[in-house]
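> Mind folding the following:
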Amino acid sequence: MAAKGITEQSRYWAVGATHGEVDVIGKFLDEGYWYDGYSESGDDRYADILKQVKVGDILCIKSSSAKGPGKKISFTRLKHIGIVTGIESKSCFWVDWLQIEKLPRDFDGVFYAKTIEELRDDKMLAFVKGKTQKLRGGKTMEECLRVLESSKNVILTGAPGTGKTYLAKDLASMLLFGKKRNELNAEEERDFKKCCNFVQFHPSYDYTDFVEGLRSYEKIDAIGFKLMDGVFKAFCKKALETWKADDTKKLSETERQKYVFIIDEINRGEISKIFGELFFSIDPSYRGTDGKVKTQYCNMQSEETIFDPDLGQGWFFVPENVYIIGTMNDIDRSVESFDFAMRRRFVWKEITAKESAENMGLDHEQKAIMKRLNDALWSNETKIEGLSSSYHIGASYFLKETDIDKLWELKLNPLLKEYLRGRPDADKEMEKLENAYYGNRKTADSQE
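Numbering: from 1, shown residues only. Modelled structure (predicted):
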């Protein structure tokens with residue numbers, strides 16, 4: 001299986017890249033793998049070590065030698081760092097080689113004589129961990145995290161099945177704890193649920209659900225109505241309480257507790273009806289009291305529904321420790337009506353089908369099938385009229401069903417037929433897509 005990113009369980013290995021007298025670093029980097037030359041030639045001296053290498057581990061290409069007068073000072077030169085993304089065989093691993101600054105780098109006093117052995121030098125290990133820490137969720141995670149930290153508002157967009165919702169929750173976890181959701185311990189998971197809220201927009205969702213509105217409640221022999229906070233306002237209240245508590249502790253902005261609000265399918269709701277006057281407040285430039293606005297029901301607010309007692313009745317703002325992540329499918333018809341005023345307040349990050357394959361850990365065969373199918377749908381060389389990369393098939397389809405025949409029959413075939421509905425050449429295009437999906441296997445089966 002391919003890597004979903006570096007985890008706390010990842011191990012760090014020093015590996016060689018010389019087979020005999022031949023330097024094969026260039027080959028490894030160009031083709032994205034690493035293998036043990038001894039095993040390839042039938043020598044299993046490192047078999048026990050190779051068995052321990054897992055997806056998500058770190059490989060560090062090195063060379064070791066000696067220098068100084070009389071060459072009495074041993075040193076190791078760290079040349080390249082990569083993440084194991086797949087296991088091709090017992091001695092060959094697919095690797096995502098990283099672009100790391102300040103390499104090559106020498107570390108004195110340590111010597112790695114073997115083709116593969118675990119890193120043991122504290123300074124070298126600290127350097128590698130420091131360079132790869134932000135990649136624990138993968139490259140896509142690193143990019144999204146950097147954007148979220150700087151802009152506070154991000155929308156993850158892309159083709160269906162690219163794992164945007166899953167990524168949004170992991171992104172929130174990385175922002176809050178520096179690790180992915182499935183790595184949290186029980187206490188951290190409880191804190192995550194306190195500091196992260198999740199809603200899904202739909203056509204019936206409105207201002208009263210999101211900000212505040214009149215809700216019914218049962219009285220003696222009657223039904224009454226009273227003003228109640230919506231889910232976003234209630235969430236921001238919690239964040240504000242924490243912000244004020246952190247103020248008294250005189251914490252810096254980086255030390256303060258963060259809060260993350262996730263809006264799934266953000267484009268399926270009527271944005272202007274849901275956000276109302278909050279268009280101004282959610283702008284990253286107007287967080288805090290600088291962005292305070294009067295809400296629609298400001299005159300009806302009671303002590304229970306006042307947002308900030310320091311400001312008094314009617315005022316609302318988005319606290320500076322609140323981060324917003326939205327998700328949306330590119331091909332949803334409602335995307336076209338997404339309010340341009342709202343678009344300006346978010347940074348848009350596309351999650352491609354290729355990125356989703358890495359994020360979700362597809363194996364090499366699954367990646368190959370997905371690439372063939374997506375290339376047949378739309379690529380620089382092949383295009384089905386009216387389609388685009390927004391119609392690509394994401395990796396989540398391959399996680400839900402591992403039997404490729406059932407996946408085609410039950411999931412992909414009906415979806416692709418919907419893509420091609422109404423076309424005069426739909427049957428011909430479907431045949432091309434099916435041939436691309438099955439590749440050589442279908443051809444071989446038909447010849448038997």
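
> And the pLDDT for the nearest residue to residue 291 once chain neighbours are set aside?
In space, and not counting its chain neighbours, residue 291 is closest to residue 281: 4.4 Å by Cβ to Cβ, 6 or more residues apart in numbering. For the C-beta atoms, the positions are set from N, CA and C on the backbone; glycine is no exception. For residue 281, the model assigns a pLDDT of 93.

> Residue 281 against residue 319, yeah?
No: with contacts counted by Cβ atoms under 8 Å, residue 281 stays clear of residue 319, the gap being 10.0 Å.

> what is in contact with the two at once?
Common neighbours of residue 281 and residue 319, using Cβ atoms under 8 Å, 6 or more residues apart in numbering, are residue 287.

> my guess is residue 40 contacts residue 91, does it?
Yes: at 6.4 Å, residue 40 counts as touching residue 91 under the criterion of Cβ under 8 Å.

> got the contact list for the residue nearest to residue 291?
Contacts for residue 281 (Cβ under 8 Å, 6+ apart) come out as 287, 291, 292, 293, 316, 317, 318.

> what's stretch 92-104 in contact with?
Here stretch 92-104 has contacts from 2-3, 28-29, 32-36, 40, 53, 59, 77-88, 131-132, 135, 139, 358, 364, using Cβ under 8 Å, 6+ apart.

> Report the buried residues of stretch 365-376.
366, 367, 369, 370, 371, 372, 373, 374, 376 (16 or more other Cβ atoms under 10 Å).

> Distance of the fifth one relative to residue 159?
In this case it means residue 371. 13 Å (Cβ to Cβ, to the nearest Å).

> so how many other residues sit close to residue 171?
27 (other Cβ atoms under 10 Å).

> Packing partners of whichever strand or helix holds it?
Element membership of residue 171, judged by DSSP states H and E, is helix 164-177. On a contact count with 3 or more Cβ pairs under 8 Å, 6 or more residues apart in numbering; DSSP states H and E, helix 164-177 meets helix 139-151, strand 153-158, helix 186-195, strand 196-200, strand 259-264, strand 322-329.

> what's the angle between the longest one and helix 164-177?
Angular relation of helix 139-151 and helix 164-177 on a 0 to 180 degree scale: 60 degrees, by axes from the mean of the first three to the mean of the last three Cα atoms, to 10 degrees.

> Which parts of the lengthiest helix in the chain count as buried, going by neighbours?
Ranked by number of residues, the top helix in the chain under DSSP state H is helix 231-248. By neighbour count on 16+ other Cβ under 10 Å, the buried set for helix 231-248 is 232, 233, 235, 236, 237, 238, 239, 240, 242, 243, 246.

> pLDDT averaged over that helix - what is it?
If you average the pLDDT over helix 231-248, you get 96.

> Distance from that helix to the middle of the chain?
Its chain's C-alpha centre and that of helix 231-248 lie 26 Å apart, by Cα atoms, centre = their mean, to the nearest Å.

> got the contact list for it?
So helix 231-248 is in contact with 194, 197, 199, 209-212, 229, 255-257, 259, 261, 278, 307-308, 316-322, going by Cβ under 8 Å, 6+ apart.

> do that again at 7 Å, thanks
197, 199, 209-212, 256-257, 259, 261, 307-308, 316, 318-322 (Cβ atoms under 7 Å, 6 or more residues apart in numbering).

> Stretch 395-406 now?
By Cβ under 7 Å, 6+ apart, stretch 395-406 touches 161-163, 353, 356-357, 360, 362, 366, 369-370, 407, 410-412.

> Mind listing what's buried along that stretch?
For stretch 395-406, burial by neighbour count (16+ other Cβ under 10 Å) applies to 395, 396, 397, 398, 399, 404.

> what's the spacing between the fourth one and residue 376?
Using Cβ to Cβ, one gets 16 Å for the distance from residue 398 to residue 376.

> Equivalent analysis for the first one, please.
When Cβ to Cβ is the yardstick, residue 395 and residue 376 sit 17 Å from each other.

> same deal with the last one?
Residue 404 sits 15 Å away from residue 376 when distances are taken as Cβ to Cβ.

> Quick check: end-to-end length of stretch 227-234?
End-to-end span of stretch 227-234 (Cα to Cα, to the nearest Å): 13 Å.

> and that stretch, how far from the chain's centre?
Here stretch 227-234 is found 29 Å from its chain centre; the criterion is Cα atoms, centre = their mean.

> which stretches of the stretch 251-400 of the chain have low pLDDT?
Applying pLDDT under 70 to the stretch 251-400 of the chain flags the ranges 333-337.

> any idea where the strands of it begin and end?
For the stretch 251-400 of the chain, the strands defined by DSSP state E, counting those that start in this stretch cover 259-264, 293-294, 315-316, 322-329, 347-351.

> Thanks again, I'm all set now.
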